[in-house]
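Peer 1: pasted the sequence and its predicted model underneath.
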Protein chains: 2
Amino acid sequence: MYYIGIDLGGTKVAVGIVNEEGMIVHKDSVPTKRERDYAEIIADIGELILKVVKGSGIDASKIASIGLGAPGTPNNKDGTLIYCSNLKYRNAPVRADLQRYLNLPVYIENDANCAALAECVAGAAKGTQHSITITLGTGVGGGVIINGRIYSGFNNAAAELGHMVIVSDGEFCGCGRRGCWEAYASATALIRQTQFAAKKYPDSLVNNLVNGDMTRIDAKTAFDAAKQGDEIGLKVVRDYIKYLAEGLTDVINAFQPEVVVIGGGVCKEGEYLLGPLREIIARDVYCKDVPQTQIKVAQMGNDAGIVGAAMLGRNL
Amino acid sequence: MYYIGIDLGGTKVAVGIVNEEGMIVHKDSVPTKRERDYAEIIADIGELILKVVKGSGIDASKIASIGLGAPGTPNNKDGTLIYCSNLKYRNAPVRADLQRYLNLPVYIENDANCAALAECVAGAAKGTQHSITITLGTGVGGGVIINGRIYSGFNNAAAELGHMVIVSDGEFCGCGRRGCWEAYASATALIRQTQFAAKKYPDSLVNNLVNGDMTRIDAKTAFDAAKQGDEIGLKVVRDYIKYLAEGLTDVINAFQPEVVVIGGGVCKEGEYLLGPLREIIARDVYCKDVPQTQIKVAQMGNDAGIVGAAMLGRNL
């Protein structure tokens, strides 16, 4: 059988048809234009589904289900999106609306959970039963897989791993608390930390790399400076890795997954990031006399959303 | 059927026979004397099992299994206790040794996980599928129940919820890290915080209540002072509840259990503790537009260890 996956992003909506192995056989996308009414957006998604099915050449009878991943909280009982940061609408009746285009079971899930399922089915956690995927982006997204399935608690709202406090009374977080892991380990946080250092040390390479233009600092800047031996760059990177490792160790102590998958642009730093990260975790983890969690880089890239959403139907 | 449960504590070993409903029908105990060799301790436990079976009047054919709970890490594949803080021995072959006394399936589990299972089967989390039990004692113990079963990760070492950092670079923790929740929210931590305040403010009621004798300060002292309106007592209690709530909110954001059960002597403070705790959690939890986790006080008391260990066989 085949499964339709929808990745409802802030910039674009991507729809794909995915096979049993978690491979996309055909996909397409349209801009989200999320400032529009929900009715217009869901109509675009419905049309895109029909276009992708047609384009794939796969007979509709061979498609088992539709899955939708979005940043927000789903209610799979009544098939609504309780909240979605890419829609102005609350309690959006996504299932009923999509079934008017293609009458199949519709599953809805948080996008970070979809990414975790994608890594479990076809990515860095393939072959494991317990894995956690952490995505370092604007925030710190978390998805937990237990026994090969998404774990989302009794109310579909679990795995908000970025919103565990690691610095009591620390930096303000978008969620209203202070000191959340997300406020220290997201790409956004790394950029803020780099900007702070660049302002404080105007002679540093960090500053030179962007010609003193703070708006040009991105999640790579500190790493670039560090690799050239710049002390300030090294310090920013060292502190960032420390916070990242602190939260990852907490997650491991709580969940002990076989694999923790880390995604997001920062992971392009490869072993320069992962080497010291693994060292701190190995030192700090609570149980050292048992098999240890592996730390791996995400493999699914931009396809994670489509594949994970599609696999909701295969796993349920 | 009936199930034998063993609670291997630091002071005493308690053995009980438990029915399907999680009620103890007969129990007995012996001192652990944990400084002795493992062989002597396990022989005592074996003899105690036979004594309890005989004393219960239940036919051995009606007993399904033996479960043992201990502070440490089990290996249920080969039936050993990899590590146990109440035994000097590592990789103790508990299953094989107990089966020489009574040839039944033997399950081994961390004692905090047993407490969580007991609360799920017969205590404050009865009737729920997802619950977490936090025990505030010498440390902060955690046990996670998912789909009515203990969740212990891929290596039996999960749910070390007390060892999640809430204060980066904070107080030293026995695990080697700094700033663990346990170092702020355990009864031990509360006593330390109260002692610190009593030394700093010798005129406070906290100090008067123990006649200036720091060794007499216990987990009740600050609460007693606070209830009489003492400012220092109030501050200690307020700070303690803040840290306790911080970690509980983290646990809820990560797991979203239906119920969080809190155990340990501090819970005797009842609503004086739980009222403000619930208020902070309600304010700080990430997802507010979904059904919310309930915070309850543990009901199983000292029987939690026996009942949880016994129920390992019923649930597996």
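Peer 2: Yep, that arrived.

Peer 1: and the helices in chain A?
Peer 2: Ranges of helices in chain A, per DSSP state H, are A:38-56, A:94-99, A:111-122, A:182-185, A:187-200, A:205-209, A:221-227, A:231-255, A:271-284, A:304-315.

Peer 1: flag every residue of the stretch 51-200 of chain A that's near chain B.
Peer 2: By C-beta under 8 Å from any C-beta of the partner chain, the part of the stretch 51-200 of chain A that sits against chain B consists of A:73, A:82-83, A:90, A:128-130, A:142, A:144, A:146, A:151-161, A:163-168, A:170, A:175-177, A:179. C-beta: built from backbone N, CA, C; applies to glycine.

Peer 1: can you rerun that using 6 Å?
Peer 2: Within the stretch 51-200 of chain A, the positions adjacent to chain B are A:73, A:82-83, A:130, A:153-155, A:157-158, A:160-161, A:163-168, A:175, A:177 by C-beta under 6 Å from any C-beta of the partner chain.

Peer 1: likewise for the stretch 201-316 of chain A?
Peer 2: A:246, A:250, A:253-256, A:258, A:284, A:286-287, A:289-291.

Peer 1: single out whichever of the residues you listed has the smallest pLDDT.
Peer 2: Ranked by pLDDT, those bottom out at A:Asp289 (87).

Peer 1: just want the residue of the stretch 51-200 of chain A that's nearest chain B.
Peer 2: Closest to chain B within the stretch 51-200 of chain A is A:Gly153: 2.5 Å, counting by C-beta to the nearest C-beta.

Peer 1: pretty sure that residue is touching B:Ala254, no?
Peer 2: No: contact between A:Gly153 and B:Ala254 fails when scored by C-beta atoms under 6 Å: they sit 8.7 Å apart.

Peer 1: any weak-confidence spans in chain A?
Peer 2: Applying pLDDT under 70 to chain A picks out residues A:315-316.

Peer 1: out of the residues of the stretch 201-316 of chain A next to chain B, flag the one nearest to A:Thr188.
Peer 2: For those, the residue nearest A:Thr188 by C-beta to C-beta is A:Glu246; the value is 17.5 Å.

Peer 1: so what's the closest one up against?
Peer 2: Neighbouring residues of A:Glu246 by C-beta atoms under 6 Å, 6 or more residues apart in numbering or on different chains: A:Ile166, B:Val165.

Peer 1: tell me the domain boundaries of chain A?
Peer 2: Following automatic domain parsing, one finds the domains of chain A at A:2-120+A:302-315, A:127-298.

Peer 1: pull the distance from stretch A:7-26 to the chain's centre.
Peer 2: Put simply, stretch A:7-26 sits 15 Å off its chain's centre (C-alpha atoms, centre = their mean, to the nearest Å).

Peer 1: need the winner for burial among the helices of chain A.
Peer 2: helix A:111-122 (a mean of 29; mean count of other C-beta atoms under 10 Å in any protein chain shown).

Peer 1: residues in contact with it?
Peer 2: Helix A:111-122 is contacted by residues A:22, A:69-71, A:125, A:131, A:133, A:135, A:141-143, A:145, A:150, A:261, A:298, A:300, A:304-305, A:307-309, A:311 when judged by C-beta under 6 Å, 6+ apart.

Peer 1: okay, how far is it across stretch A:162-179, tip to tip?
Peer 2: Taking C-alpha to C-alpha, to the nearest Å, stretch A:162-179 runs 10 Å from one end to the other.

Peer 1: give the contact list for A:Tyr3.
Peer 2: By C-beta under 6 Å, 6+ apart, the contact set of A:Tyr3 is A:Val18, A:Ala64, A:Ser65, A:Ala310, A:Gly313, A:Arg314.

Peer 1: count the residues that sit near the nearest residue to A:Gly264 once chain neighbours are set aside.
Peer 2: Nearest residue to A:Gly264, sequence neighbours excluded (C-beta to C-beta, 6 or more residues apart in numbering or on different chains): A:Leu136, at 3.5 Å. Burial measure for A:Leu136: 26 neighbouring residues, criterion other C-beta atoms under 10 Å in any protein chain shown.

Peer 1: then A:Thr293?
Peer 2: Neighbours of A:Thr293 using other C-beta under 10 Å come to 27.

Peer 1: picking that back up, any idea how far B:Asn156 is from the residue of the stretch 51-200 of chain A closest to chain B?
Peer 2: Between A:Gly153 and B:Asn156 the computed distance is 22 Å (C-beta to C-beta, to the nearest Å).

Peer 1: again, but for A:Met214
Peer 2: Distance from A:Met214 to B:Asn156, counting by C-beta to C-beta: 48 Å.

Peer 1: same question for A:Asn86.
Peer 2: Using C-beta to C-beta, A:Asn86 is found at 40 Å from B:Asn156.

Peer 1: repeat that for A:Val237.
Peer 2: Distance from A:Val237 to B:Asn156, by C-beta to C-beta: 35 Å.

Peer 1: kindly report the same for A:Ala298.
Peer 2: Distance of A:Ala298 to B:Asn156, given as C-beta to C-beta: 27 Å.

Peer 1: just A:Asp230 next, same as before
Peer 2: Distance from A:Asp230 to B:Asn156, by C-beta to C-beta: 44 Å.

Peer 1: the residue of the stretch 201-316 of chain A found nearest chain B - how many residues pack around it?
Peer 2: Taking C-beta to the nearest C-beta, chain B has its nearest neighbour within the stretch 201-316 of chain A at A:Gln256, 2.5 Å off. Close neighbours of A:Gln256, defined as other C-beta under 10 Å, add up to 26.

Peer 1: same check on A:His163?
Peer 2: 27.

Peer 1: mind listing what it touches?
Peer 2: A:Cys175, A:Cys180, B:Asn253, B:Tyr286.

Peer 1: most neighbours of all those, which one?
Peer 2: A:Cys180 (32 neighbours).

Peer 1: quick one, phi psi at the residue lying closest to that residue once chain neighbours are set aside?
Peer 2: Once flanking residues are discounted, A:Cys180 sits nearest to A:Cys173: 3.8 Å by C-beta to C-beta, 6+ apart. Phi and psi for A:Cys173, reported as degrees, to the nearest 10, are phi -120, psi 150.

Peer 1: in contact with A:Cys173, which residues?
Peer 2: A:Cys173 is in contact with A:Cys180, A:Glu182, A:Ala183, counting by C-beta under 6 Å, 6+ apart.

Peer 1: the first one and A:Tyr286, how far apart?
Peer 2: It refers to A:Cys180. In this view, A:Cys180 and A:Tyr286 are 21 Å apart by C-beta to C-beta.
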